[in-house]
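**Student:** Sequence isn't available, so here's the structure alone:
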DNA sequence: GGCGGTAACGTACGCCGTACGGAGATATTC
DNA sequence: GAATATCTCCGTACGGCGTACGTTACCGCC
């Protein structure tokens, strides 16, 4: 479900930006710098939080900063690198304290942290990470999550697989949640209005002869799951998943 | 991770197209139609399979058909509706036979069918389905998957939640797989080349003081998971997940 | 005072989706 | 056979996008 990619980024320049130290304040020739990487990234994050990645354009970010579009390119090589920087920046402070308690509580905390992150920054789930964005904050996240499944007698590979399973699960659920919001924004129709507009065709959709199980389950689960299926799916799925993990921990 | 949205589509027109019957061959005034919805959808699917949704443009589809870009709009209201039609069309025949065997085998078959679908049509996972695309083939898929968890003593809501859990899991895993491929295409760098380009910065990334668990686990799990982490994550995750489901079925 | 380096920006190119209006072909009606 | 209504197809254009390229204006240093 990747909307935008960081893959086109130049690895060396991206890494240099991700791990750049504090601005060296040695005065240099040339005009005063009104822009800098941090301001650009912070502004881009704010815009993406509000309107999503598809609405994020270099021109919009620049306009928000009172600058011309091309001025951004003085500080950031391109949009792919900007998104990589945005990505790592919002991971900062994700785990103020390492998850504690028994392993189930720790993994629940990991899931919750990912949930909170993705709810706060919906666009994060849409960033394509075909290449890992190896910034300091992603590494801290990776480290904290692996630590949460450490000391359980799992091998290194199993540790990694469990964290992938939990974080991937949360990402999927929250993505579904945000797609509903995005649909409402894109169509200008609330879910209710959309169903009303679709209703005239529903007799063919809910055809008991053709789709017996669907017509039995749908009308029950739909209203029951209601407007917040994501929350239910999250709670239910996480328990199932932890039960499954228990099977290899308690063996 | 939704790259493109069907949400902007007009519900009524979309439904009319999804459920349109066989072409009525009543002769009508006007020139012979060289294009039709099926040809347009089939061509678009072929292009998306080859190059992904981001590379799919109305102009490209039209050019492939030897037509002008605007000619498509005679048959399809817009790109959103075209993607909805593509989506439902590739779901056709997903379950030639209803999944059979015990519940674990049936759910494994469901997962496998979703895997196959998403591997064959990578772009499907990137279609934003904030509004369900209620075509005949999606309904058939929905019906077959619910039937796979029928008769297990689960309530309707639980049945729905289990299928969401399994299909969402597969979607997440395959998405990760395809993002790697997309990254290779977008960057022109193989994963090996990318790591080589990143390597000079890795001493800060794999800092044992700062990231103790990550530096212990990463170097072991990385090479072990190797070039195909998705397959491993799939096999591992599905087993964990089914074990978790067993906890509510065998209760 | 002049030089060199840098931040900022104006313009332009080739993409995109699609609104609009016109051209030409064809079946129906007279 | 002629007129008409209707339908397919498409040329043009608009406002968006990322960004390559070249220019301008400012500033610290010698």
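**Tutor:** Thanks, I have it. All values derive from a computational prediction rather than experimental measurement.

**Student:** shouldn't residue A:187 be in contact with residue B:14?
**Tutor:** No: the criterion here is Cβ atoms under 8 Å, and residue A:187 misses it with residue B:14 at 10.8 Å. Every C-beta, even on glycine, is put in place using the N, C-alpha and C of the backbone.

**Student:** Compare these two and say which is more crowded by neighbours.
**Tutor:** Neighbours per residue (other Cβ atoms under 10 Å in any protein chain shown) separate residue A:187 from residue B:14, with residue B:14 holding more: 27 against 22.

**Student:** and that one, what element?
**Tutor:** helix B:11-18 (DSSP states H and E).

**Student:** For that helix, buried residues please.
**Tutor:** By neighbour count with 16 or more other Cβ atoms under 10 Å in any protein chain shown, helix B:11-18 contains the buried residues B:11, B:14, B:15, B:17, B:18.

**Student:** filter the residues you listed by proximity to chain A?
**Tutor:** Here is what survives when the buried residues of helix B:11-18 are matched to chain A using Cβ under 8 Å from any Cβ of the partner chain: B:11, B:15.

**Student:** Lowest-confidence entry in the buried residues of helix B:11-18?
**Tutor:** Scanning the buried residues of helix B:11-18 for pLDDT, the low point is residue B:11. It has 91.

**Student:** pLDDT-wise, which helix or strand of chain A ranks last?
**Tutor:** One helix or strand of chain A scores below all others by mean pLDDT, DSSP states H and E: strand A:4-5, with a mean of 70.

**Student:** quick one, what contacts residue A:72?
**Tutor:** Residue A:72 sits next to A:35, A:40, A:58, A:61, A:62, A:82 when contact means Cβ atoms under 8 Å, 6 or more residues apart in numbering or on different chains.

**Student:** ditto for residue A:65
**Tutor:** A:35, A:39, A:40, A:43.

**Student:** What is the nearest of these to chain B?
**Tutor:** Minimum distance to chain B across those is 21.2 Å, recorded for residue A:40 (Cβ to the nearest Cβ).

**Student:** nearest to DNA strand D, of the contacts of residue A:65?
**Tutor:** Using Cβ to the nearest atom of the strand, residue A:40 comes nearest to DNA strand D of the contacts of residue A:65, at 12.4 Å.

**Student:** Is the closest residue to DNA strand C within the stretch 151-251 of chain A within a helix or a strand, and which one?
**Tutor:** With Cβ to the nearest atom of the strand, the shortest gap between the stretch 151-251 of chain A and DNA strand C falls at residue A:186, namely 10.6 Å. Using DSSP H and E, residue A:186 sits within helix A:156-187.

**Student:** buried residues in whatever helix or strand comes next after that helix?
**Tutor:** Note on helix A:156-187: by DSSP H and E, the next helix or strand toward the C-terminus is helix A:191-198. For helix A:191-198, the neighbour count (16+ other Cβ under 10 Å) marks A:194, A:197, A:198 as buried.

**Student:** residues in contact with residue A:110?
**Tutor:** Residue A:110 neighbours (Cβ under 8 Å, 6+ apart): A:99, A:144, A:145, A:148, A:163, A:166, A:167.

**Student:** was I right about residue A:240 contacting residue B:242?
**Tutor:** No: applying Cβ under 8 Å as the test, residue A:240 and residue B:242 come out as separate, 9.1 Å apart.

**Student:** So between these two, which is more surrounded?
**Tutor:** Shown here are residue A:240 and residue B:242; by other Cβ under 10 Å, residue A:240 has more neighbours (24 against 20).

**Student:** Next, find the distance separating the more buried one from residue B:245.
**Tutor:** 6 Å (Cβ to Cβ, to the nearest Å).
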